[in-house]
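# Return atomic coordinates for the entry below.
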Amino acid sequence: RGTDEEDSDGYFLGGRSLTAPVIAGSLLLTNLSTEQIVGLTGQAYSEGILVMAWETLAAIAMVVTALVLLPRYLKSGISTIPGFLEERYDAQTKTAVSLLFLSGYVVVLLPIVLYSGALALSTMFDVPSILGVSDTAALWITVWAIGIIGSIYAIFGGLKAVAVSDTINAVGLFAGGLMVPFFGLLVIGNGSLADGLSTLWVEHPEKFDAIGGQDSSIPFATIFTGMMLVQLFYWGTNQAIIQRALGAKNLAEGQKGLLFAGVLKIFGPVIVVLPGIIAFHLFSDLDVADRAYPRLVTEVLPFPLRGFFAAVLFGAILSSFNSALNSSVTLFGVDIYRQYFKPEASDRQTVSAGKKFGALLAVASMTIAPFIANAPQGLFGYLQEVNGCYSIPILTIILVGIFTRRVPPVAAKIGLALGVGLYILSQFVLKPLVVGADNYPHFLHVMATLFVMNVIIMLVIGRMYPRTEAFVARDSHAVDMAPWSLAKPVGAAIVLVVVSTYFVFT
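Next up, the predicted model:
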């Protein structure tokens, strides 16, 4: 295991040498992508600033991750979250979680990246009138064009180039993301930023109310239930995100990186929420709210910048699609094919099986993508609701695994099965059957209820059928575990600022 461990450290974790600025930048740029910009702007167009909860509450989740979860991860020296689950429970639990991640990629992540990207490019370049086809046909054509280019890259080329291109794209996306509200406010204020802001504030006060009513996509109460759990899953246990912090040079750098990212995340609404309110002021006639962002880019950015931003956007779409497709190929090859289908498979056979699986996955996601246009609550709402199928069950077994020592592997399997099964039953079977689904509990409340129920079930199983030996997290001595001296005060300040934004916008 020695060499294998060293190799995986070098491969997954950059040799455990990452410093705070790299971690902070990488976290934010991995998180910022088209589905988020297009989806959240669309929701802000419909509902206003209350959707900022998806951004600002992320900062609180980062504080919890930095102070509570990261020290435990770094101490045990894990390189992947499924690796931790294998160590804490058993190999089957690891495989079950890998399968959940894979199904999430094919039904949610890959189609959404394709749909949001295709919608943005189709609107920006006016594909329907260029090709003389309907909006729907243009969407299908663009989805398949992006999907085929992305698949060829990811499946046949591997991912060596992605790290570099990711960084360049992400910086461009960040710069472009700030330019859009900047030029939008100039248009509204006839050349004055301040006038643009005050016009929005005076003419659309309802868009600046952060407290969501019962009929909004984020009723205020959900902030205290499922919203925090979703954020904790994403920032604290999602492999693609937490991998950056697992590669920290030491605990202090990892905490600094997460907390710096948390500070920057508080400003996230400027890039993904404010453009929605600007678009609402400028064009109140959109039939699909998710078209707000591409339309805004087309109308307010000066022409030369529009080309630059479209290129950056295309790069960002490809890199999100490639990264997800490539991790799917890896998860399938290593965790499933080698473990269950052909344990003696050579590297070449494993890669070949992974490529075939990747091609299937790509075709499935290109077929699903155009149908997201029919999601009633818009792109971002669909993304979060469907994610609940796997996010909360995985979060449940990780947290119980970290904070208890006697809960056995069977409890994790029951927790996963119940978490996934009951959530699907609730949201996709019972909810459509209930007359007037408006009276049905919000999906974030459903998540929180199932989370509490599953934790209790796992603890009861742990009490009745405990592990014969208590689990002891190994101390790997992989990195220096001295915490950052300012971690707690900075964390407290971040939480204070986030809470105070709710008092400002009520």
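# part of a helix, is Met366?
Yes - assessed by DSSP: H, G, I helix; E, B strand; the rest coil, Met366 belongs to a helix.
# neighbours around it, how many?
For Met366, the neighbour count with other CB atoms under 10 Å is 24. C-beta coordinates here come from the backbone N, C-alpha and C atoms, glycine included.
# Might you report the residue contacts of it?
Contacts for Met366 (CB atoms under 8 Å, 6 or more residues apart in numbering) come out as Pro111, Leu114, Val143, Trp144, Gly147, Ile148.
# For this protein, which residues score under the pLDDT cut-off?
Applying pLDDT under 70 to the chain flags residues 1-15, 154-167, 375-378, 435-438.
# Got the phi and psi for Leu18?
With angles defined as degrees, to the nearest 10, Leu18 sits at phi -70, psi 140.
# Setting aside sequence neighbours, what's the nearest residue to it?
Excluding its sequence neighbours, the residue lying closest to Leu18 (CB to CB, 6 or more residues apart in numbering) is Gly247, at 4.3 Å.
# Would you check how far apart the one you found and Glu203 are?
Distance from Gly247 to Glu203, counting by CB to CB, to the nearest Å: 47 Å.
# Can you point out the buried residues in stretch 293-308?
Neighbour-count burial for stretch 293-308, counted by 16 or more other CB atoms under 10 Å, picks out Tyr293, Pro294, Arg295, Leu296, Val297, Thr298, Val300, Leu301, Leu305, Arg306.
# sorry, back to before: would you mind confirming that the residue nearest to Leu18 is in contact with Leu27?
No - between Gly247 and Leu27 there is no contact under CB atoms under 8 Å: 11.3 Å.
# coming back round to it: can I get the buried residues of stretch 293-308 in TSV with secondary structure and distance to Val38?
Shown next, in TSV, are the buried residues of stretch 293-308 (DSSP: H, G, I helix; E, B strand; the rest coil; distance: CB to CB, whole Å):
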residue	secondary structure	distance to Val38
Tyr293	helix	5
Pro294	helix	7
Arg295	helix	11
Leu296	helix	11
Val297	helix	10
Thr298	helix	13
Val300	helix	16
Leu301	coil	15
Leu305	helix	18
Arg306	helix	16
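# Go through the residues you listed and name the one nearest Pro393.
Closest approach to Pro393 among the buried residues of stretch 293-308 (CB to CB): Tyr293, at 32.0 Å.
# Was I right to think that closest one contacts Gly42?
Yes - with contacts counted by CB under 8 Å, Tyr293 reaches Gly42, the gap being 6.9 Å.
# For the two, list the residues in contact with both.
Shared contacts of Tyr293 and Gly42 (CB under 8 Å, 6+ apart): Gly276.
# for stretch 132-150, which positions count as buried?
Using 16+ other CB under 10 Å as the test for burial, stretch 132-150 gives Ala138, Leu139, Trp140, Ile141, Thr142, Val143, Trp144, Ala145, Ile146, Gly147, Gly150.
# who's in contact with it?
Applying CB under 8 Å, 6+ apart, the set of residues contacting stretch 132-150 is 114-115, 117-119, 121-122, 127-128, 131, 314, 317-318, 321-322, 325, 362, 365-366, 369-370, 373.
# just the buried members of the residues you listed?
114-115, 117-119, 121-122, 127-128, 314, 317-318, 321-322, 325, 362, 365-366, 369-370.
# Nearest spatial neighbour of Gly77, chain-adjacent residues omitted?
That would be Ser476: by CB to CB, 6+ apart, it lies 2.7 Å from Gly77.
# measure the one you found to Ala482 for me?
Taken as CB to CB, the span from Ser476 to Ala482 is 16 Å.
# More neighbours: which of those two?
The residue with more neighbours, out of Ser476 and Ala482, is Ser476; 12 against 9, by other CB under 10 Å.
# What are the boundaries of the helices in the stretch 201-350 of the chain?
Ranges of helices in the stretch 201-350 of the chain, per DSSP state H, counting those that start in this stretch, are 226-236, 239-246, 251-265, 268-272, 274-282, 292-300, 303-330, 347-368.
# now the ones you listed in a markdown table, with distance to Val434?
What follows is the helices of the stretch 201-350 of the chain, written out as a markdown table (distance: least, CB to CB, whole Å):
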| stretch | distance to Val434 |
| --- | --- |
| helix 226-236 | 19 |
| helix 239-246 | 34 |
| helix 251-265 | 36 |
| helix 268-272 | 32 |
| helix 274-282 | 30 |
| helix 292-300 | 31 |
| helix 303-330 | 33 |
| helix 347-368 | 25 |
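# Just to check, Gly39 is in contact with Leu379?
Yes - with contact defined as CB under 8 Å, Gly39 reaches Leu379; the gap is 3.7 Å.
# what touches both of these two?
Common neighbours of Gly39 and Leu379 (CB under 8 Å, 6+ apart) are Ile112, Ser116, Asp290.
# give me every residue that touches the first one.
Contacts of Ile112 were listed using CB under 8 Å, 6+ apart, and they are Glu35, Gly39, Ala369, Ile372, Leu379, Tyr382, Leu383.
# Between which two of those residues is the distance greatest?
Gly39 and Ala369 (13.5 Å).
# Tell me which residues touch Ala353, please.
Under the contact definition (CB under 8 Å, 6+ apart), the residues listed for Ala353 are Phe332, Gly333, Tyr337, Phe341, Lys342, Ala345.
# Quick one: buried ones out of the residues you listed?
Among these, those classed as buried by 16+ other CB under 10 Å are Phe332, Gly333, Tyr337.
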